[in-house]
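Participant: below is the sequence, then the predicted model.
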Amino acid sequence: MSSKLQVLTPQNSQIIFIDQQPQMAFGVQSIDRQVLKNNVVGLAKAAKIFNIPTTITTVETDSFSGNTFPELLAVVPENDILERTSMNSWDDQNVRDALAKHAADGRKKVVVAGLWTEVCNTTFALSCMNDTDYEIYMVADASGGTSVDAHKYAMDRMVQAGVVPVTWQQVLLEWQRDWARKQNLWGSHVAGEGAFRRLRHGHRLCRHPRPRRRRAGQPWQADRPEPREVNVHHSGGPPSAGVNCFPKAKVIRDENLSAVPRCRLAGRRDLQSAQRPFARPARCRSHRSARHPRW
């Protein structure tokens, strides 16, 4: 029976990240670079959770490729980075020794995520399988090529040679395997869906929250004076920006913003919703303010 019929487990796997560096990523055109980085970080976090031995190798860091993604290093800060000059990682003795050390423990399924697919990944996979009995699992969405065709045909070539194509979530879920496994291998217990539940909320480490939009001429929140609240009376009439449609309702007045109406009636912010208590509140442009950033 072929060993490739065996699924990935935390006991039979190891992982290698090849040339996950800024200038290498700059040339990637087969996948969105931000998505690529997110997938790499998610894969690294999965390996961290399941105690998968991790090897990181880089090429020409000081000359043109730059340092490894800091988001990746933040996940495995204790790992040594194996610097080399050859495009083929398998030509470097330090890389071969690192993989052989873990393979001696029965971890002969090597998960690979690298840049570029058509060069560094392909040459490593073919050379490794030619010289050893290791099995290569190429993570397609955590690797990238200089064009869509370059990535596709490199993957096709490797598949024809016996490489197994996978995605980063596929690798994670094979390691998880059973939702009853709630033990987090960082040392605590995770309620719910195990490691995947922990990852799906945090694997997008590279995204930063969007800053709040500000209107033209409006200073930043820290520089704005505190708004003052006044009670006003209005006998009726059509609703308009800066005019309160409800008797004795509060109007937020700000020196830098027009008056923003705020209704007391159970959070309903416009006259139409107040007249129809069970109607869904309409979104009115006049009611958007810093107090309601989601609007």
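Facilitator: It's in. Computed from a predicted structure; not experimentally measured. Numbers count the residues shown, from 1 in each chain.

Participant: in a strand, residue 138, correct?
Facilitator: Yes - judged by DSSP: H, G, I helix; E, B strand; the rest coil, residue 138 forms part of a strand.

Participant: is it in a bridge, and if so with what?
Facilitator: Beta-bridge pairing of residue 138 under DSSP bridges involves residue 112, residue 165.

Participant: can you count the residues close to residue 71?
Facilitator: When neighbours are counted by other C-beta atoms under 10 Å, residue 71 registers 16. Any C-beta I mention is one placed from the backbone N, CA and C, and that applies to glycine too.

Participant: whoops, I mixed them up, residue 83
Facilitator: Residue 83, neighbours per other C-beta under 10 Å, totals 14.

Participant: what about it, which helix or strand?
Facilitator: strand 81-84 (DSSP states H and E).

Participant: what lines up beside that strand in the sheet?
Facilitator: strand 54-59 (parallel).

Participant: gap between the residue nearest to residue 60 when sequence neighbours are not counted and residue 64?
Facilitator: Leaving aside its chain neighbours, residue 60 sits nearest to residue 85 (6.6 Å; criterion: C-beta to C-beta, 6 or more residues apart in numbering). For residue 85, the distance to residue 64 (C-beta to C-beta, to the nearest Å) stands at 12 Å.

Participant: about what we covered before: from residue 63, how far out is the residue nearest to residue 60?
Facilitator: 9 Å.

Participant: how about the contacts made by residue 174?
Facilitator: Residues near residue 174 by C-beta atoms under 8 Å, 6 or more residues apart in numbering: 7-9.

Participant: got it, and residue 154?
Facilitator: The contact partners of residue 154, taken as C-beta under 8 Å, 6+ apart, are 117-118, 121-122, 145.

Participant: which of those lies closest to residue 106?
Facilitator: Of all the contacts of residue 154, residue 106 sits closest to residue 121, with 24.0 Å by C-beta to C-beta.

Participant: phi, psi for the residue nearest to the closest one when sequence neighbours are not counted please.
Facilitator: Sequence neighbours aside, residue 114 is the residue nearest to residue 121 in space, at 4.7 Å (criterion: C-beta to C-beta, 6+ apart). Backbone geometry at residue 114, expressed as degrees, to the nearest 10, gives phi -150, psi 170.

Participant: near residue 114, how many other residues are there?
Facilitator: Residue 114 has 25 nearby residues by other C-beta under 10 Å.

Participant: and for residue 55?
Facilitator: Residue 55 sits with 24 neighbouring residues when counted by other C-beta under 10 Å.

Participant: so what's it up against?
Facilitator: The contact partners of residue 55, by C-beta under 8 Å, 6+ apart, come to 14-17, 79, 82, 95, 98-99, 102.

Participant: distance check, it against residue 82.
Facilitator: Residue 55 is 7 Å from residue 82, by C-beta to C-beta.

Participant: find the residues that touch each one of these two.
Facilitator: Common neighbours of residue 55 and residue 82 (C-beta under 8 Å, 6+ apart) are 95, 98.

Participant: you'd agree the residue nearest to residue 121 is up against residue 19?
Facilitator: Yes - when contacts are counted by C-beta atoms under 8 Å, residue 114 is listed as touching residue 19 (5.6 Å).

Participant: where do the contact lists of the two overlap?
Facilitator: Taking C-beta under 8 Å, 6+ apart as the contact rule, residue 114 and residue 19 both touch residue 120.

Participant: state the pLDDT value of residue 192.
Facilitator: Per-residue pLDDT puts residue 192 at 33.

Participant: ugh, wrong one, residue 54
Facilitator: For residue 54, the model assigns a pLDDT of 98.

Participant: distance of it relative to residue 170?
Facilitator: Distance from residue 54 to residue 170, by C-beta to C-beta: 18 Å.

Participant: between those two, which one's more packed in?
Facilitator: Between residue 54 and residue 170, counted using other C-beta under 10 Å, residue 54 has the larger neighbour count: 21 against 15.

Participant: so how far is the first residue of stretch 44-55 from its last?
Facilitator: One end of stretch 44-55 sits 11 Å from the other (C-alpha to C-alpha, to the nearest Å).

Participant: quick one: buried residues of that stretch?
Facilitator: Across stretch 44-55, burial judged by 16 or more other C-beta atoms under 10 Å covers 44-50, 52-55.

Participant: so which of the residues you listed are in helices?
Facilitator: 44-49 (DSSP state H).

Participant: can I get the residues you listed in a markdown table with distance to residue 137?
Facilitator: Shown next, in a markdown table, are these (distance: C-beta to C-beta, whole Å):
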| residue | distance to residue 137 |
| --- | --- |
| 44 | 15 |
| 45 | 17 |
| 46 | 13 |
| 47 | 12 |
| 48 | 18 |
| 49 | 18 |
